[in-house]
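Asker: the amino acid sequence is not available; the structure is as follows:
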């Protein structure tokens with residue numbers, strides 16, 4: 001059974017899945033490592049949070 005405190009499930013459209021897959025493939029080549037779709041989403045969200053200076057805190 002997955003650790004629900006650590007992992008969450010996400011549903012995306014087919015188009016979003018295709019985009020994530022393409023980004024994952026690009027990053028895998030660019031960084032020289034194999035990235036899973038989950039790690040790609042984690043990487044993108046982490047970078048966007050840093051860009052927005054969220055630091056894990058919600059503005060609401």
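Answerer: It's in. From a predicted model like this one, the values you see are computed outputs, not experimental measurements.
Asker: can you pull out the low-pLDDT segments for the protein?
Answerer: Scanning the chain for pLDDT under 70 picks out the ranges 1-2, 4, 55-60.
Asker: 80 instead?
Answerer: Judged against pLDDT under 80, the low-scoring parts of the chain cover residues 1-8, 54-60.
Asker: for residue 27, the count of nearby residues, please.
Answerer: 17 (other Cβ atoms under 10 Å). Heads up, the C-betas are built off the backbone N, CA and C, glycines and all.
Asker: who touches it in this structure?
Answerer: Contacts were defined as Cβ atoms under 8 Å, 6 or more residues apart in numbering; by that measure residue 27 touches 35, 40, 43.
Asker: of the residues you listed, buried ones?
Answerer: Neighbour-count burial (16 or more other Cβ atoms under 10 Å) is assigned, among the contacts of residue 27, to 35, 40.
Asker: next helix or strand past the longest helix seen in the chain?
Answerer: As assigned by DSSP state H, the longest helix anywhere in the chain is helix 14-31. Note on helix 14-31: by DSSP states H and E, the next helix or strand toward the C-terminus is helix 37-51.
Asker: so what touches that following helix?
Answerer: By Cβ under 8 Å, 6+ apart, the list of residues contacting helix 37-51 reads 10, 17, 20, 21, 23, 24, 27, 35, 55, 56.
Asker: only the buried residues of stretch 6-25, if you could.
Answerer: Using 16+ other Cβ under 10 Å, the residues of stretch 6-25 that count as buried are 20, 23, 24.
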